[in-house]
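>>> Okay, structure incoming, though there's no sequence with it:
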């Protein structure tokens, strides 16, 4: 099926910006907001913003789908996959299994997008399966007498409500969840998993005026994709690949900060209690924002915007 166009998304300028940054750098994204605010539509637009898969990536994707038994659609050659399993799926469905072992959803999303809706409703075991491949891009499936390693370099987009009823912080004040209920709801997500997600976005319900049929449409996917491809070309020119995959040496080479930017980062790290992993992810996102601006260095504005996408969930209490 044809991918939805980003022009169909009304309002939600910050969410559109987060999606553009995610596409430009290959970053993982978590959206939190009330029902009907556009989280699923935004997630389904992401594959349309990504550069076309290379021939090598298309061959990898085809190989994974072939051994999984799903087969290959020639009409979708070099089109990046979008996998959106239901939140009732098991850890085995995500990771893979069987005899002989076959790839699961995270491998079927290799070189594409894995969308997990209603994130806190997933079982803890299923979510913890994500931790290794989010870092390494591979997953090892071990079964009795046999194990297999599958590629799993996917881009995670997750969505969730801010509380069990979904309306915490809504201007309508319809939320009746107690602080304990909200804390238990968020407690279903482990700190290490949240720490591996680069962009944290808090969304709000749109006012009716922005949903009118005659409201002006936003930028199209084609317009945003042109900026994404230009940013990816800058990353390729540095020889590092997508910024989300920068290793420590790449971070040191590509993410140098001036004295003012370093002071801002250290102050934010202290205030937000950022881990070393979080700091590195902030720097990677800031590098992507600088690439979208065609900037050689990371400026204060780039760093501040990257920190803004780290703060919403860390400060939710």
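Now that the structure is in, tell me what you want to look at. Being a predicted model, the structure only gives us computed values, none of them experimental.

>>> Does residue 149 lie in a helix or a strand, and which?
Per DSSP states H and E, residue 149 falls inside strand 146-151.

>>> Let me know the next secondary structure element after that strand.
Counting by DSSP H and E, the next helix or strand C-terminal to strand 146-151 is strand 155-160.

>>> who does that next one pair up with?
Paired strands of strand 155-160, with direction, are strand 29-32 (parallel), strand 113-116 (parallel) (DSSP bridges).

>>> will you turn those strands into JSON lines that also has mean neighbour count and mean pLDDT?
C-beta: built from backbone N, CA, C; applies to glycine. Output for the strands paired with strand 155-160, formatted as JSON lines (neighbours: other Cβ atoms under 10 Å; pLDDT from 0 to 100):
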{"stretch": "strand 29-32", "mean neighbour count": "25", "mean pLDDT": "96"}
{"stretch": "strand 113-116", "mean neighbour count": "25", "mean pLDDT": "97"}
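
>>> Of all those strands, which one comes closest to residue 21?
strand 29-32 (8.5 Å; Cβ to Cβ).

>>> C-terminal to the closest one, what's the next element?
Note on strand 29-32: by DSSP H and E, the next helix or strand toward the C-terminus is helix 39-45.

>>> And the helix or strand that comes right after that following helix, what does it pack against?
Downstream of helix 39-45, the next assigned helix or strand under DSSP H and E is helix 55-68. Applying 3 or more Cβ pairs under 8 Å, 6 or more residues apart in numbering; DSSP states H and E, one finds that helix 55-68 contacts strand 102-103, helix 105-108, strand 146-151.

>>> which regions of the stretch 51-200 of the chain sit below the pLDDT cut-off?
Low-confidence segments of the stretch 51-200 of the chain (pLDDT under 70): 144.

>>> 90 instead?
65-79, 96-102, 135, 141-148, 168-174, 191-192 (pLDDT under 90).

>>> returning to what we had before: most packed of the helices and strands packed on helix 55-68?
helix 105-108 (a mean of 25; mean count of other Cβ atoms under 10 Å).

>>> if we look at it, which residues are touching it?
For helix 105-108, contacts defined as Cβ atoms under 8 Å, 6 or more residues apart in numbering pick out 64-65, 68, 70, 81, 83, 85, 89, 93-96, 114, 129-130, 133, 139, 150-152, 154.

>>> go with 6 Å
For helix 105-108, contacts defined as Cβ atoms under 6 Å, 6 or more residues apart in numbering pick out 64, 83, 85, 94, 96, 114, 133, 150, 152, 154.

>>> buried sites along the stretch of helix or strand residue 250 belongs to?
Residue 250 is part of helix 248-254 when elements are defined by DSSP H and E. For helix 248-254, a neighbour-count test (16 or more other Cβ atoms under 10 Å) marks 250, 251, 254 as buried.

>>> do you know how far the nearest residue to the first one once chain neighbours are set aside is from residue 149?
Using Cβ to Cβ, 6 or more residues apart in numbering and skipping the chain neighbours, the partner closest in space to residue 250 is residue 240 (4.8 Å). Computed as Cβ to Cβ, to the nearest Å, the residue 240 to residue 149 distance reads 25 Å.
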